Structure formats: structure tokens, C-alpha cells
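1. fold the following, please.
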Amino acid sequence: MKTVDSITGYHAHVYFDADSEPAAATLREGLEAFDVTLGRWHHKPVGPHPEWSYQVAFDPGQFADIVPFLALNRGDLTVFVHPLTDDAMADHFDHAIWLGEKAELDPAPLRPKEGKG
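-> Alright, predicted model coming up:
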């Protein structure tokens, strides 16, 4: 059984498209008030994510501040939040939190590569 001590951090992925990019930018500006790491803007699907997105990385101790901020300020945006443990597949598919509409993730980028591991 895993414990919360196995969580080394969290990622929040803010999904957007051409029409909602200004809203995503406003949300990102609000996130700058927190001690988070803001990732690049991706104007195409990246990894398992089916939408354009940017990532917000934060420490476990910030969860109680960051996730409610995202919930209250996301507007119509979808935000995907997942923990970081030693199991990326479970983090994305079993332990994730969706704020807004759930999207279908692509598991292929999270699977171990042939001949590795």
C-alpha cells in the first residue's frame, strides 16, 4: 500500500485551445503569485495530454493552496492534476483529479519502452 510520503510533487496541466488561450494566460498570471514552476506553452498535444497545455509543478505542501486556487479561478478551462510517484501510469490514470471536463489521455507515452526496464 502506498502512503502520501511516496508523493514527491504534483503537476497540474492547464488545457486550452486558440479560443481559450487568453483565459489560460490570465490563470497563469495568477499562478505567478505562488512558488511554482510554470512549464512551456504547448500548442499541440504533448505526452499523454490530448489538448494544448502548459504544466504547473508544485510541492506536496502547496496542494491545499494551489488546487483550490485552480478550482476557483479556472473558469471554463479544464485542469488535470496528478501526483508524482514512482508510477507514472497510475499517477495519470488512477490517482488524478480533474477540474472541469475529463479528457481521454493517451497511455502510450507512459508505457515502458521496448528493451528498457
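
2. out of everything not next to it in sequence, what's closest to Leu24?
-> For residue 24 the amino acid is Ala, not Leu. Sequence neighbours aside, Phe16 is the residue nearest to Ala24 in space, at 3.8 Å (criterion: Cβ to Cβ, 6 or more residues apart in numbering). (C-beta placed from N, C-alpha, C; glycine too.)

3. do Lys102 as well
-> Nearest residue to Lys102, sequence neighbours excluded (Cβ to Cβ, 6+ apart): Thr78, at 7.7 Å.

4. that neighbour against Tyr15, yeah?
-> Yes - the pair Thr78 / Tyr15 is scored as a contact, 4.4 Å apart, by Cβ atoms under 8 Å.

5. list residues touching both of these two?
-> Common contacts of Thr78 and Tyr15 (Cβ atoms under 8 Å, 6 or more residues apart in numbering): Glu51, Gly100, Ala103.

6. of all these, which comes closest to Asp87?
-> Ala103 (20.5 Å; Cβ to Cβ).

7. and stretch 103-117, which residues are buried?
-> Neighbour counts over stretch 103-117 (16 or more other Cβ atoms under 10 Å) mark Ala103, Leu105, Leu110 as buried.

8. closest one of those residues to Asp65?
-> For the buried residues of stretch 103-117, the nearest to Asp65 is Ala103 (24.6 Å; Cβ to Cβ).

9. if we can go back for a sec, near the residue nearest to Lys102, how many other residues are there?
-> By other Cβ atoms under 10 Å, 18 other residues sit near Thr78.
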